[in-house]
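Chemist: Structure, please.
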Amino acid sequence: MESRKSSFPAKVTAATLLVALGIIYGDIGTSPLYVLKAIVGDRPIDAVLILGGVSCIFWTLVIQTSVKYIWLTLKADNEGEGGIFSLYALVRRYGKKLAIPTIIGATTLLADGIITPPISVASAVEGLTMIKGMENLPTVPIVVIILSLLFFFQRWGTQKVGSTFGPVMMIWFSMLFVLGIGQILKHPMVIESLNPKYAIELLVRYPKGFWLLGAVFLATTGAEALYSDLGHCGRANIRITWIFVKICLMVNYMGQAAWILLQGESLLHGRNPFFEIIPHPFLIPGIIIATAAAIIASQALISGSYTLINEAMNLNFWPRVKVRQPTELKGQIYIPSVNTILWIGCVLMILYFQSSTHMEAAYGFSITIAMMMTTWLLSYFLAYKLRWNRYLVWGFLFLFSVVEFSFLAANIVKIRERWMFLFFEAFIFFTMYTWHYARKINNRLTRFIDLGKYTPAIIELSKDDAIPKFSTHLVYLTKANHRHEIEEKIIKSILAKKPKRADVYWFLHIHRTEQPYTLEYDVSELVDDKVIKVNIHVGFRVQPKSEFYFKKIVQDLVQNKELNLHVRPDGSTRYNAEPDFRFVVIEKFLSVENEFTLREGLLLNLYFFLKHLGQSDEKAFGLDKSDVTIEHVPLIYQQLQPVSLTRIAK
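Modeler: The predicted structure is shown next:
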């Protein structure tokens, strides 16, 4: 069984650059639809506000996106894969509490997946109100229909339409550049906004200028996608395409600023400078292209959410739920439950906020926290993996802590506009926290024993014809990492109560690796052709198909003459030579004979509740239901204190 390779592109070609444009720049690429409008809002127009706003956007993209993500964070590739869970897998051994920032980061990234699609699509569709005769067009139903169709078609994958993403985004960024350059030529002075003095002047001198950072931050909200989609595009492709993307974005921002300054008016009056700089004859095609770009941005967030939850399941941060692979395209997955949650969340967002302007007031808070968590984890990577000097690491932490705490402070006022978000984020956080830490308690209570001490009894049981044969091959899923160990509950299952006689006893261990696409195995025969332990090493991005893998391993062992599946003396293979496999899955339940502290009681009760809602173990591990026997054993965390009962005479 060979190790599965990442989709990390080794070469840079025109095709790979186009793919990168289509996959990762949807969110940050559609920011010109609403960022400058959000900065200006209903404030009086003056040069300090406009030039300072563009200057803040430019230096935010330089420091936050180019330096932190393009240069530094992309170094933290886990065999070509990126994202907060890939980063956590790289550094978790270096800090006991790193699970907390990982959970917070993943929670806020999922929350971002609920507001990015509606704000992007709404910003594009609202351009229709600029067309004569359509000023009062209700855009909310159109946005709801577009989003609903987008989520509906997820079940069939995006392989066919995905090939158009690159060309569409190429057209989009080219349009941004052309529209911007036309306005800059009319007012070249706007180029001076690249000077950082204008940003400083806005933050220091302009009334309440610091709080405008909440709107400025919207320009970099898609930066996390640059890292999350590292495996799809490759570091070199992302770095090269970012040069083109950043130029197009800044030219468009400066073009919008030039148009505003040329108006000579005191207020924007609710107009969107992005659509205002589009020549009127090109307005409808421009809105169509903008809507297509917004849909691509939404698709990237949706696909990223599937990947995030899939990795969370495989790293024991999320209950097991149904995962499908809608196409043969590698890495493309579909999670029905996540799709439903995101669809409901996105529709509720647009119904509640009604317009992109109102959503701007709530957007950005979550992604600020996600970026802070990435900074914290990345500091461990720089210190322990790249072995940076500790003063450089502290300098990195200080710089980006100042930048990101500033954005967080400016965004903190948005909580009152997004209070309903807190319920969703609390649900995601407590689900991940409960699952991760309750499983740790569960694993801590698992008792491992020396398998070698029990092999004589197992061999004797296998030869005892007085006991009915349970199956030819008896397979147990085990958590034991060491060759000679096994859970005590498995030995009890074989030998206690009703002993399970079999010809061959297999102990199958699924080991989740810190690499994304590992698929390897090793075999230890503790007793020839009788007691065998198999370790399958599976990457955290691979869907486990335990029964399929196991039968393939058995086939390989037989072909290599390492395993003897000869005719059994009891005649059981006379009519059917196929081996009889029986998988035993041992499920725990919370015994009533427990006393808990408040925290542990809540964690374990919530854990078993979530386990009941999620997928069963046999489905999660890819076992055929007809080949599985389920056994239930009580989990006793802390036994009740002994009681004294007094017998009374009748």
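Chemist: in the stretch 351-500 of the chain, which spans are strands?
Modeler: For the stretch 351-500 of the chain, the strands defined by DSSP state E, counting those that start in this stretch occupy 448-450, 469-478, 485-487.
Chemist: Tabulate these (a markdown table), appending distance to residue 510 and mean pLDDT.
Modeler: Any C-beta I mention is one placed from the backbone N, CA and C, and that applies to glycine too. Shown next, in a markdown table, are the strands of the stretch 351-500 of the chain (distance: least, C-beta to C-beta, whole Å; pLDDT from 0 to 100):
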| stretch | distance to residue 510 | mean pLDDT |
| --- | --- | --- |
| strand 448-450 | 16 | 82 |
| strand 469-478 | 7 | 84 |
| strand 485-487 | 14 | 80 |
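Chemist: now these as TSV including mean neighbour count?
Modeler: Listed next are those as TSV, based on neighbours: other C-beta atoms under 10 Å:
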stretch	mean neighbour count
strand 448-450	15
strand 469-478	21
strand 485-487	21
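Chemist: These: which one's closest to residue 118?
Modeler: strand 469-478 (42.2 Å; C-beta to C-beta).
Chemist: that older thread, minimum distance to residue 208: which of the strands of the stretch 351-500 of the chain has it?
Modeler: Closest among the strands of the stretch 351-500 of the chain, using C-beta to C-beta: strand 469-478, at 59.7 Å.
Chemist: List the pairing partners of the closest one within its sheet, with orientation.
Modeler: strand 501-512 (parallel), strand 581-590 (parallel) (DSSP bridges).
Chemist: if you average pLDDT over each of the ones you listed, which comes out lowest?
Modeler: Mean pLDDT values for those show the minimum at strand 581-590, a mean of 76.
Chemist: Which positions within the longest helix seen in the chain qualify as buried?
Modeler: Using DSSP state H, we find that the single longest helix of the chain is helix 283-314. Using 16 or more other C-beta atoms under 10 Å as the test for burial, helix 283-314 gives 283, 286-287, 289-314.
Chemist: where along the stretch 451-600 of the chain do the helices fall?
Modeler: Secondary structure of the stretch 451-600 of the chain, counting by DSSP state H, counting those that start in this stretch: helices at 455-463, 488-495, 546-559, 598-613.
Chemist: end-to-end on stretch 219-228?
Modeler: 18 Å (C-alpha to C-alpha, to the nearest Å).
Chemist: what comes up buried for stretch 433-443?
Modeler: 433-438, 442.
Chemist: what's that stretch in contact with?
Modeler: Identification of contacts with stretch 433-443 by C-beta atoms under 8 Å, 6 or more residues apart in numbering yields 99-100, 103, 316-319, 479, 588, 600, 602-604, 606-607, 610, 635, 637.
Chemist: rerun that using 7 Å as the cut-off
Modeler: 99, 103, 316-319, 479, 588, 600, 603-604, 606-607, 610, 635 (C-beta atoms under 7 Å, 6 or more residues apart in numbering).
Chemist: One more: stretch 405-424?
Modeler: So stretch 405-424 is contacted by 111, 114, 210-211, 213-214, 217, 345, 352, 361-362, 364-365, 368-369, 372 (C-beta under 7 Å, 6+ apart).
Chemist: Pick out the shakiest of the helices of the stretch 451-600 of the chain, pLDDT-wise.
Modeler: Among those, helix 598-613 scores lowest, at a mean of 70.
Chemist: returning to that earlier point: so which elements touch the longest helix of the chain?
Modeler: helix 14-24, helix 26-29, helix 99-125, helix 140-152, helix 165-186, helix 223-228, helix 336-353 (3 or more C-beta pairs under 7 Å, 6 or more residues apart in numbering; DSSP states H and E).
Chemist: In JSON lines, list these along with distance to residue 454 and mean pLDDT.
Modeler: Below are these laid out as JSON lines (distance: least, C-beta to C-beta, whole Å; pLDDT from 0 to 100):
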{"stretch": "helix 14-24", "distance to residue 454": "52", "mean pLDDT": "82"}
{"stretch": "helix 26-29", "distance to residue 454": "56", "mean pLDDT": "83"}
{"stretch": "helix 99-125", "distance to residue 454": "35", "mean pLDDT": "85"}
{"stretch": "helix 140-152", "distance to residue 454": "52", "mean pLDDT": "88"}
{"stretch": "helix 165-186", "distance to residue 454": "57", "mean pLDDT": "91"}
{"stretch": "helix 223-228", "distance to residue 454": "46", "mean pLDDT": "80"}
{"stretch": "helix 336-353", "distance to residue 454": "41", "mean pLDDT": "86"}
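Chemist: Just send the ones you listed back as TSV, with mean neighbour count too.
Modeler: Formatted as TSV, these follow (neighbours: other C-beta under 10 Å):
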stretch	mean neighbour count
helix 14-24	21
helix 26-29	26
helix 99-125	26
helix 140-152	17
helix 165-186	19
helix 223-228	26
helix 336-353	18
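Chemist: Could you dump the ones you listed into CSV with distance to residue 646 added?
Modeler: Below are these laid out as CSV (distance: least, C-beta to C-beta, whole Å):
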stretch, distance to residue 646
helix 14-24, 73
helix 26-29, 70
helix 99-125, 49
helix 140-152, 64
helix 165-186, 77
helix 223-228, 65
helix 336-353, 53
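Chemist: quick revisit: what separates the longest helix of the chain from the chain centre, distance-wise?
Modeler: 14 Å (C-alpha atoms, centre = their mean, to the nearest Å).
Chemist: Please identify which of the contacts of stretch 405-424 is nearest to residue 78.
Modeler: Distances from residue 78 to the contacts of stretch 405-424, taken by C-beta to C-beta, are shortest for residue 372, at 20.7 Å.
Chemist: Same list (the buried residues of stretch 433-443) but as JSON lines, adding pLDDT and distance to residue 228.
Modeler: Below are the buried residues of stretch 433-443 laid out as JSON lines (pLDDT from 0 to 100; distance: C-beta to C-beta, whole Å):
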{"residue": "433", "pLDDT": "85", "distance to residue 228": "22"}
{"residue": "434", "pLDDT": "84", "distance to residue 228": "24"}
{"residue": "435", "pLDDT": "82", "distance to residue 228": "21"}
{"residue": "436", "pLDDT": "83", "distance to residue 228": "20"}
{"residue": "437", "pLDDT": "81", "distance to residue 228": "25"}
{"residue": "438", "pLDDT": "78", "distance to residue 228": "27"}
{"residue": "442", "pLDDT": "73", "distance to residue 228": "30"}
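Chemist: Export those to CSV and append columns for distance to residue 488.
Modeler: Shown next, in CSV, are the buried residues of stretch 433-443 (distance: C-beta to C-beta, whole Å):
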residue, distance to residue 488
433, 29
434, 26
435, 24
436, 24
437, 23
438, 20
442, 14
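Chemist: Out of the residues you listed, which two sit at the greatest distance?
Modeler: Most distant of the buried residues of stretch 433-443, by C-beta to C-beta, are 433 and 442, 14.5 Å apart.
Chemist: returning to what we had before: got a PyMOL select line for the buried ones in the contacts of stretch 405-424?
Modeler: Buried residues among those (16+ other C-beta under 10 Å), as a PyMOL selection:
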select buried, resi 111+114+213+214+217+345+361+362+364+365+368+369+372
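Chemist: just the contacts of stretch 405-424 now: which is nearest residue 94?
Modeler: Set against residue 94, the nearest of these by C-beta to C-beta is residue 372 (18.6 Å).
Chemist: For that closest one, give its distance to residue 533.
Modeler: For residue 372, the distance to residue 533 equals 43 Å [C-beta to C-beta, to the nearest Å].
Chemist: Likewise for residue 237?
Modeler: Distance from residue 237 to residue 533, counting by C-beta to C-beta: 42 Å.
Chemist: cool, residue 271 as well?
Modeler: According to C-beta to C-beta, residue 271 stands 70 Å off from residue 533.
Chemist: follow-up on the earlier one: what angle do helix 165-186 and the longest helix of the chain make with each other?
Modeler: 130 degrees (axes from the mean of the first three to the mean of the last three C-alpha atoms, to 10 degrees).
Chemist: Could you shift the numbering so residue one becomes 27, and keep it that way?
Modeler: Will do, 27 is the new start, and the previous item becomes helix 309-340.
Chemist: what residues does stretch 250-265 touch?
Modeler: 32-35, 38, 42-43, 45-46, 49-50, 53, 95-96, 99-100, 103, 106-109, 135, 326, 330, 393, 396-397, 400, 542.
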